[in-house]
Each structure stands twice: as structure tokens, then as C-alpha cells.
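Participant: A structural model of the following input is requested.
(one chain, ligands or ions: 1)
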Amino acid sequence: MDAAFLTSLLQHPSRHALLALDAAGRLLAANDRARELVTPSLEAELRQVLAGAMAQLAANPDRQVQHRHRSEGVEIDCVLLAARDAEGDLQGYTVSLLAVDEAPDLAESPDRARWRFALENAQDGLWDWSADTGKVYRSSRCMSMLGYPRDHLSDELDSWRSMVHPDDQARVAEALENHIAGRHPKYQSEYRVRDARGRWRWILDRGRVIAWTLEGRPRRVIGTHTDITGYKQIEAQLREREVLLNQAQHVARIGSWSWDPETDSLWWSDELFLIAGLPAGAPPPPFRRQRALFEPASYERLQDASRRMLEDGSPYDMELVMLRPDGERRTVAARGEGIFGADGRVTRLVGVIHDVTERNRAEETSRWRNDLLNRIAAVGRIGGFELLVETGELQWTDENYRIHGIEPGTPLTVASSMQHYEEESRPRLLEAMRRMIEDGVAEQTLEVGYITPDERRLWLRIMARLELRDGRPYRITGLTQDITEEHEADERIEQLAHYDTLTGLPNRFLFRLRAEDAIGQVRNGEPPLALLFLDLDRFKLVNDTLGHAAGDQLLQEVAGRIKSCVRGSDLVGRLGGDEFLVLLREVGRPEDASVVARKIIAALGLPVDLAGTEVQVGCSIGIALLGDGNPDLDALLRAADTAMYAAKEGGRNSFQFYNDSFFEKVQRRVTLEQELRQALPRGELSLVYQPTVCLRHGNVTGIEALLRWQGPDGSLRSPVEFIPIAEDSGEILAIGRWVLAEACRQAGAWHEAGLQFGRIAVNVSAVQLRDPQFADDVLAICQRYRWPTDRLELELTESALMRDTEVLRRAFDLFAANGITLAVDDFGTGFSNLAYLHRFPVRHLKIDRSFVQQLSGDGERMRGLTQAVVTLGHALGMAVVAEGVETEITLDLLRQQGCDEAQGYLFTRPLAPEQLETWLRVQPG
Ligand SMILES: Nc1nc2c(ncn2[C@@H]2O[C@@H]3COP(=O)(O)O[C@H]4[C@@H](O)[C@H](n5cnc6c(=O)[nH]c(N)nc65)O[C@@H]4COP(=O)(O)O[C@H]3[C@H]2O)c(=O)[nH]1
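Facilitator: This is a model prediction of the structure:
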């Protein structure tokens, strides 16, 4: 301070003695009163006192050190203050001294009265503690704010402490101690005090030591009490709201911030610290240091947006990538906007940062999963749908649209979705829906036919499940699967299992099912049913000569023609090979069945063009009617089959109704066929022999071997009966070989025995002739029994010779070369074509027995016939043999007609070998 001012200040009239000391404690100046009061002895005493006080002030320049000094019966109050310059540096000390007896009059001055009034009426209470008295002064407000009377507490220090909340007492004491120890410049504490009504009220207690002793202890402390209960409640509410806001932000992963451009103060919510990966509680990083919080590109965008927002308050909303200090990346949605003041300027910027990392990841996963599901649905051709029962709202997945051939997204209703389902499927679909909605059936699966808008026919499997809400049908969810291929495969399997692959007709299995079904529906013979059993004639020939492909084509053609002859309600099936079945439903009369049979025969009689070759086949049809004798399908089948055989017997291209006698015949035939197979191995076959005699000389010209079969029951069976069976079954080949061998062996034996009999004749079936091996077999047999081939004659029927095949030609060439001759048996019964007589080595014509036996009597016509045969035979250079000559008359007639040889009972019946031997020996010459 300027010395002039100091001097001036010290000249003021004052009852205080005032001293100014420099920093070293040397006296700089003093007023008059000081010069009066401070005697040299007092000065010496005070120096010691002042030294301690100055040391204290040097360390705590803000303090006021007070001391009451007693000297020579006088009490003096000393007050010391530090003097500091503008920079706060210590310049020195000031000391004021006042003799106690000179203390001012305690009578209240107007100023003091005003202060007291202010104190008593202030909102805050005042307390003042003095170390000198050890008492506390409390203004009346200290008590009234708690609802106590003014004198509720004594002026002891501890009396107040007893009202403080026990939990707060230690904290209060600590705060006071910190101040007194000089650690805190002021004492301040918030604590609870019990009020007159027993409630806790919050008090803000603030104070300061205003005077210190020379020893550095507080001499006087003054403070105030402020009732902050209201603030505390608001603060608690605010804190609670802040906690709630923080929790909400945490749950939502939303942090918020606000910035005041005026003060450059930035605030972050706790969640924003969490999102940024920064420790909460620290001050948020200022804008200029936020670069590290974002990826560079994100930061640039945020900068731009923030700049614009600051300029004109325009808000932003963008997705950014934040970088946490540990390197973790977080995707955030950032939004910010400006708040405007009354003057239109931006007064505050606020914003939120929403951490959407998990949400984005979840969305990504969900997108991926959806995409995967869609792809799986597309691969599996599985569509999904949902129907809200209440509103009828229908939703389809894209794949469901695609399956139905409808553009995805096309608006739908139940009615519009129904229109493309097949007629038959629609009611089933509606019924399934009804069952779910009305009857509460939980699940339904059905397969339905569907025609796409572009006319493709699909099979769809629909699986639906009902969902209830509050016990009522709420929603039907389901899958649609395209099972067309599966269905078609099933149909194909069904087709293969039940239909003949070649003709497409039901096979025997399906025919049986349907026929049994039809038979099952017949009541009291109504409707009458007829079964036609149809067998093609000459089919084997076509197959053998033109090949299987042609045979297949023929069967397909036949199937078509049969179907064209019957009604749609009739049932046509293929039994296998060249056999077909027709079940006629509702045949009015048996004749109706014959009408159909005739129609079929006529249709199949028309030529078929098989790859350029015209072929004509016929058929034999057996008909059986459902009735007493044929109660079921099996009986009906057997009967129709039997009748078919009868038709074949009766001549091709005909039909027969089933009757019992024929059945017996067929039965016998079947039995014979089975027994015949065993005849050779069982040695049941034997040969008898019948000679042929020369009409001119009476000598034996040949012996014909005739087959005999004594069955297992001992009965003798006629070759007329069993030879055709052997031919049909193929057994004739083995039997024929045996006959030839046995005949040759026997002939050789007779020859050895010196018997004269010319040739040995053996009957040969047409079936044997077709065997390419036959000619070689004949030669081999002759060789084996050393029988000269030129003494062997083969008897053949006319029909066997009619064919002209390579096999036949080769055989006859071989026979001609080896001198084996042929006889035409039963000549005259055919007369169709005599050209064969030239081609083959025929030596004898045998006139059929039936003609010969009619010669006697008035058989004029027959005589002409036999004469013609004889003439023809001779013209061709052949000898003519008459069969079945039983009488001399006949013999004479034949002789007259020039017949060369004869055979018959007149000479002898066919004889066993030993009998014939005897017979031969008695013959002349
Ligand atoms: N009423 C009458 N009948 C007479 C008279 N003289 C002979 N017969 C019979 O007439 C048949 C003559 O044989 P076929 O015309 O070759 O007719 C034969 C022949 O076609 C066939 N057959 C017989 N044995 C064989 C054989 O080993 N192989 C083949 N493939 N067929 C044979 O069976 C047919 C019948 O043979 P069989 O029953 O033995 O009947 C024989 C014979 O017993 C007569 O004066 N009056």
C-alpha cells in the first residue's frame, strides 16, 4: 500500500491501537493510540506473542488471529491479519489492540439492531461459537425451522449434535475437523436433524473459523443452517428420475448428450459412456477430441452434420460406426438437433446415440435365416400360408404363390384361392376348413388337385394346423407341398401294378379286383354278367415269323379293337400272352353276349398291317354267364376258359357258351395230358402192327406200326384221342422218336427172323415234321437199328404236307436222298392243293377209311371218288392203298378199280408183334 495512504489511515481517530509490520515483523507505522498504549515493556511482551501469530499467518494468510493479553493488570484484545499484495504475496501484518475496559459500549447500536432483525427473520439460522466461552449462540431461526421453541436447546455445543441423525454424525464431525485442520477452507455439511414432529429434516450447515488462537486453534466459528429438505426431496426425485432415465437408456441402448455452445459445456448420459466404452463419471471428451471415437468415414459425416446443425439447427439422422478404446466396433444410429432461443439462435445442441449393433446383427441373422428358409422352401417346393379365422385374411409366402403359378404379392381371398382347385378337390378343402373352424379339429392333411392359371395340373399336399386364442379358433397356419412328381410316380407304379404295359388294359390283378367288385354288386342275378375268354388264333405264328415287335403291335391293335366292340362300362383286361378277358355288365339275354362275341370275331378278323405285312388273325371266344353253376369269378373264369377250348375245337373264329359235358371233356383232356407225360417213362406205350397186302399178288407189301397206350388205370386209350393232346403239349416229339425207334427195332428183328414184309410204315405227326431235328433223328434211328432207309415209309396227313417251309424241304430232300418214302394218310379228306404231291417223295396214297367203307352198297359217288384217287395216284406214278377194308366186296371193287394195295380187318386187325409174326408165317409166299 502507498505510504501516504497508510499514514492517512493511521491518523483516523480510533480507540484501537493500530500497527503495521513488514513481512519480517518490523514496525512500519503505528497510530497515536498505539504510541499511547504500547509501552516499551508491553511491546517486549507482545513481540513474543506476535511472533507466533505471524508464523501462523504466514502459513494461513486468510486467518484472523485473536489473543487476549494481560499485562500489568490490563487486559488487551489483540487481532492480527496478514497483508497481501494483488498477487497474494505476503507484504506484512497489521495488528489492532484494544484494552478490554475500553471495549465499546454493549448497548445496541441502530446498526446492530438492524443486523439482529435480519438474523431473526432470515430463512437461514445463524450459529456462533466462541472458544473463550465454550458456548454457542443460535439464532431463533435455527430452532424455528425445526418447529422448536427458541430455548429448546441449551447453548452447549453437544446439545445440537444430539439431534443429528446417528448415521450422519461421523460425517459432520469429519467435515468440521477437515476445516479446522486447514484441509478445507470452509466447513460445509448436509445432514439430517430431527424436528419437533419427530421427522428428519435436511440441513445445510456451512461455517468458518473466523478467529484463531495464537496456537492455531479456532477461537470463534460462525455458521448458518439452511433447511434444504425441499431441495433434497427434489434432488431425490431428480436422482430417481435420472436413475430411471439411465436404466431406460440402458435397456434401450440409447445414450444422450447435450452441448451448450455458450459455455462449451458438454453432458453425456451414463449410457453414452457405456456405448463409447469410456468410464462413466469422467467428463465426456470434448468434440474436438471425439475423432478417436468413430471410424474415419463416420467421423467425417458426423462433422459435416454437426457443422450444419450448428449453423442453422438442421437435424441429422444417420448410422455411424463407433470405435471403442479396445477396438470393438459398434454400429450406432445417431440423431441430433438444435434448440433455438427467443432470438432464433441455436442455444443448445442435443442428440441421442442408439447402439444398434445387436439389433443389426439380429436383423442380419433373421434376414439370413429368412433367406435360408425361403431358399429351402424353394428347393423343397414348400409354400406357407396363414389364414386369420376372424377376418378371413389370407397370407401366402412367395413360394406358395410360385407353387400355385400366381405372381407373388397378388391379393388373395379364400374364395379367389379356391377357384383353381379341381372340382373334386374344392369341397374336400372346404370341408377340412370347416372341420377345423367349427369342430375344432387341430390338424388336417389332404392331397388335392390344382390347375395353375397356365393350365398345368398339379398335386398339392396341404398340411394345416389350427391355433386357438382364448379357446377360440384364431389362425390356421400351414404348408403347401408340390407332390406332383411323387403322385405321378405313384400313378406310374399303380399303372405298372395294375395295367398291362403293352396294351394299357387292366392286368389280371386289376381285372380280378374290378370283376369281383362287379360280381359283388350283383343281387339276385341282377344285373346279369357274362365273361368272355378270348384267345387269338395264329398269334404264335405271327410272333415266330414276324418277330416280337410285330407281335406286340398286333396285341395293341387287338386290344383297341376289342375295346371298340364293348361299352365303356364293360371291363376289358389282358390275361397274358394272347388271352384277353371281357366282362360284360348288364347283358339282357345270353344272346347279347353272343352278339358282342360275333362283333369281336368280326373286328379281329379284319387284316392288320404290321410294318407293311398284312396279317390276319382270328380268335376263339368262350362265354360263361354268372349264375348257379358259376357263382364266383374263379368258377366263371374256369367255365369261360373251358368254353374257349370248345370254341377252338369247334373250328377257329368261333365262340362257345360253356356247358357241363364239354367241361368234362376238357377235364378228361387235362387228365390225359398230365398222364401222358408219364406214359413213356412208365413204359405204358406199345406198338401194334397191321399189314398191307398187294391186291395183285396177295403178298405182304408193308407193315404199319400203330401206337397203343395202356393208362395207369389199365384202360386202353385210342391214339385218336391222345395223339392230338400229345401234339398240343409237345410230348409227341419224344413219343414219335420212341415209335420210330421201336418200329425199326422190331422190323429189324423180324427181318433177322427171316420174315418177308416189305416196308415198315410209321405215322408221323405234323408237329414232328416242324422239328428241324426230325430228319436227322430218323436217319440216326435207322442207322442205330441198321434198318435200311429204303424200307422205311413215313405216313403223313395231307395237312402236314400242305406247308412249304425250309425245314420241311430240307427234311424231304434228305428223305429222298436216303430212299425214305412218304405215304399220304387219309388222302381225299383235304383236296385243297395237290401241288405238294410233286414236290415231295410221295410213294403211296392211302384212301381214307371213311371212303372205302362206303364203297359197298349203293355208294356210287364214293366209287367215283376212289376211282379218281386211284387214277390220280397212278397218273402221278404213285401206288394207291385202301385203308379199312373189311369185306371181300369192297376188296373186289378196289381191285377192279386198279387199287394197288389194301389194309384192313379183312386181312387182320392190328396185332401185337408176336401175333403178327405168327400171322406172317402163315401167309402164302
Ligand atoms: N374200322 C376199321 N378200322 C381199321 C381197319 N383197319 C385198320 N383200322 C384202324 O384204322 C387206323 C389206321 O391208322 P391211321 O389211318 O394211320 O390212323 C391212325 C393214325 O393216324 C394215328 N396213329 C396211330 N399210331 C400212331 C403213331 O404211332 N404216330 C402217329 N403220329 N399217329 C398214330 O391214330 C390213328 C388211329 O389209329 P388206330 O386207332 O390204331 O386205328 C388204326 C386201325 O386200327 C378196318 O378194317 N376197319
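
Participant: how about the helices in the stretch 201-350 of the chain?
Facilitator: Assigned by DSSP state H, counting those that start in this stretch, the stretch 201-350 of the chain shows helices spanning 229-252, 270-276, 296-312.

Participant: could you say what helices and strands the helix or strand where L740 lies packs with?
Facilitator: Take DSSP states H and E as the rule and L740 turns out to sit in helix 732-752. In this structure, helix 732-752 packs against strand 685-694, strand 700-710, helix 719-729, strand 759-763, helix 766-770, helix 774-784, helix 913-921, with contacts taken as 3 or more CB pairs under 8 Å, 6 or more residues apart in numbering; DSSP states H and E. All C-beta spots, glycine's among them, are computed from the backbone N, C-alpha and C.

Participant: out of those, nearest to L42?
Facilitator: Smallest distance to L42 across the helices and strands packed on helix 732-752 (CB to CB): 171.0 Å, for helix 719-729.

Participant: so the closest one versus strand 759-763, what angle?
Facilitator: Calculated by axes from the mean of the first three to the mean of the last three CA atoms, to 10 degrees, helix 719-729 forms an angle of 60 degrees with strand 759-763.

Participant: output helix 719-729 as PDB, restricted to C-alpha atoms.
Facilitator: Taking Å, rounded to 0.1, in the frame of the first residue of the first chain, the C-alpha atoms of helix 719-729 are listed here in PDB:
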ATOM      1  CA  PRO A 719     -54.400-142.700 -80.400                       C
ATOM      2  CA  VAL A 720     -57.300-140.700 -82.000                       C
ATOM      3  CA  GLU A 721     -57.800-139.200 -78.500                       C
ATOM      4  CA  PHE A 722     -54.300-138.900 -77.200                       C
ATOM      5  CA  ILE A 723     -52.300-138.000 -80.300                       C
ATOM      6  CA  PRO A 724     -53.800-134.500 -80.600                       C
ATOM      7  CA  ILE A 725     -53.100-134.000 -76.900                       C
ATOM      8  CA  ALA A 726     -49.500-135.100 -77.300                       C
ATOM      9  CA  GLU A 727     -49.300-132.800 -80.300                       C
ATOM     10  CA  ASP A 728     -50.600-129.800 -78.300                       C
ATOM     11  CA  SER A 729     -48.300-130.500 -75.300                       C
END
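
Participant: follow-up on the earlier one: winner for burial among the helices and strands packed on helix 732-752?
Facilitator: strand 759-763 (a mean of 24; mean count of other CB atoms under 10 Å).

Participant: would you turn the helices of the stretch 201-350 of the chain into TSV with distance to V807 and mean neighbour count?
Facilitator: Converted to TSV, the helices of the stretch 201-350 of the chain look like this (distance: least, CB to CB, whole Å; neighbours: other CB atoms under 10 Å):
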stretch	distance to V807	mean neighbour count
helix 229-252	103	13
helix 270-276	105	21
helix 296-312	99	15
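
Participant: the ones you listed: which one's closest to I600?
Facilitator: Of the helices of the stretch 201-350 of the chain, nearest to I600 by CB to CB is helix 229-252, at 88.4 Å.

Participant: how far out from the middle of the chain is that closest one?
Facilitator: 55 Å (CA atoms, centre = their mean, to the nearest Å).

Participant: elements contacting that helix?
Facilitator: strand 200-212, strand 254-260, helix 270-276.

Participant: out of the helices and strands in the chain, which is least certain?
Facilitator: When the helices and strands of the chain are scored by mean pLDDT, DSSP states H and E, helix 110-121 comes last with a mean of 68.

Participant: count of neighbours near the closest residue to the ligand within the stretch 501-650 of the chain?
Facilitator: Closest to the ligand within the stretch 501-650 of the chain is E649: 17.6 Å, counting by CB to the nearest ligand atom. Neighbours of E649 under the rule other CB atoms under 10 Å: 16.

Participant: I'd like to know how far it sits from R809.
Facilitator: 31 Å (CB to CB, to the nearest Å).

Participant: near the ligand, which residues of the protein?
Facilitator: Residues of the chain lying near the ligand by CB under 6 Å from any ligand atom: 690, 706-707, 718-720, 723, 739, 763-765, 795, 825, 849, 883-886, 903-905, 910.

Participant: thank you kindly, that will do.
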